[in-house]
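K.L.:
Dropping the sequence and predicted coords here.
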Amino acid sequence: NPGFHFGWGGHHHGEISFGLSPQFYQFSCPQANDIVMSVLEKAIAKDMRIAASLLRLHFHDCFVQGCDASILLDDSARIVSEKNSGPNKNSVRGFEVIDKIKSKLEEACPQTVSCADILALAARGSTVLSGGPNWELPLGRRDSKTASLSGSNKNIPPPNATIENLVTFFKRQGLDEVDLVALSGAHTIGVARCATFKQRLYNQKGNNQPDENLEKSFYFDLKTMCPKSGGDNFISPLDFGSPRMFDNTYFKLILRGKGLLNSDEVLLMGNVKETRELVKKYAQDESLFFEQFSMSMIKMGNLRPLIGFNGEVRKNCRRVN
Ligand code: HEM
Ligand SMILES: [Ca+2]
Ligand SMILES: [Ca+2]
């Protein structure tokens, strides 16, 4: 198998992993990306939000044990699924689309393309099909035989995080302030549940007052979509200006006090100069945002991959072989 790389070990924390390469499936499954893209096109035509959901899945995978498809494992005798963690439960979606891609790939190239690579390919494809940037994607990740519910609870940043928290969560993964702001730009597509931003509307600081940084008309609109009691699963777009388009509107809205999550707002209003300046730059210059988003996605996609003889290529993404 000419695509089989080994000998570089598995742990290049936050750095380029020399085991991954864009040509990994060049001989073993040259049609891999075409198959991914054709399934994505149909899935997105049916449900536009699926692009956002798949982009987020890759993030929630990579921040827990690295990009090893641990998030795809269902509960079983040996596995405690990450799907039930606080950040994931009733929130992450897109598993059926991953299954569909996997079954087509198993038909075309049996036991060749890992579920971890499918997540990375789906994240890139979803970005491209939403109008965002394309990038050369390093491949060759293998799939874990374990999941970590506790890791999922501990390592995925919460929406009410302060800027200091956010920087710390990202640094723990080997990602910096530039990655934090650029990758947060993924919130240019998709939605969030009322439960994730309710605190900002009714009790931001424990004083029963809204977040003073919320622009007033935006605040009143949000209150109609997210009542003080109940409605936790009502959804609002993260970027109401262009919720289906991958563009830099997300950053423009933050400048106007119209970022949905606290974690979006603090990139600008928190006391970290570097993130503040980056929000302004990306709001001004979409191509700069696209370039940095691509680089940061590659960096995130390279977090602690299993390579060589570590892990396996699952036949079914929901369970170990
Ligand atoms: C910086 C820290 C981050 C925080 C605190 C955060 C938090 C959240 C929350 C609370 C939601 C809504 C979940 C729900 O209501 O069920 C969400 C949605 C989303 N997040 Fe993030 N996120 C962060 C970074 C990222 C990154 C790095 C990416 C990808 C590169 C990402 C991609 C998305 C997408 C695309 C959605 C919409 C998903 C959908 O519509 O199904 N987020 N995020
Ligand atoms: Ca993982
Ligand atoms: Ca947008």
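P.N.:
The structure has been received and is ready for your questions. Ligands and ions are numbered 1, 2, ... in the order given.
K.L.:
Quick check: mean pLDDT of stretch 113-127?
P.N.:
Averaged across stretch 113-127, pLDDT comes to 98.
K.L.:
Neighbours of Phe220, how many?
P.N.:
11 (other CB atoms under 10 Å). The C-beta positions use only the backbone N, C-alpha and C, and glycine is treated the same way.
K.L.:
Buried residues, whichever strand or helix holds it. List them.
P.N.:
Using DSSP states H and E, Phe220 sits in helix 216-225. Going by neighbour count (16 or more other CB atoms under 10 Å), the buried part of helix 216-225 is 218-219, 222.
K.L.:
list the helices and strands that helix packs on?
P.N.:
helix 198-202 (3 or more CB pairs under 8 Å, 6 or more residues apart in numbering; DSSP states H and E).
K.L.:
Any residue of the helix it packs on touching ligand 1?
P.N.:
No. Against ligand 1, helix 198-202 shows no contacts by CB under 6 Å from any ligand atom, the least distance being 10.7 Å.
K.L.:
Tell me which stretches of the stretch 101-250 of the chain form strands.
P.N.:
191-193, 235-237 (DSSP state E, counting those that start in this stretch).
K.L.:
want to throw the ones you listed into CSV with distance to ligand 1 and mean neighbour count?
P.N.:
Converted to CSV, the strands of the stretch 101-250 of the chain look like this (distance: least, CB to the nearest ligand atom, whole Å; neighbours: other CB atoms under 10 Å):
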stretch, distance to ligand 1, mean neighbour count
strand 191-193, 3, 18
strand 235-237, 7, 17
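K.L.:
Of all these, which one comes closest to Ile35?
P.N.:
strand 191-193 (27.6 Å; CB to CB).
K.L.:
and the closest one, how far out from the chain's middle?
P.N.:
In terms of CA atoms, centre = their mean, to the nearest Å, the centre of strand 191-193 is found 14 Å from the chain centre.
K.L.:
next one: stretch 110-121
P.N.:
Distance, centroid of stretch 110-121 to centroid of chain: 16 Å (CA atoms, centre = their mean).
K.L.:
Could you tell me the end-to-end distance of that stretch?
P.N.:
Using CA to CA, to the nearest Å, one end of stretch 110-121 lies 17 Å from the other.
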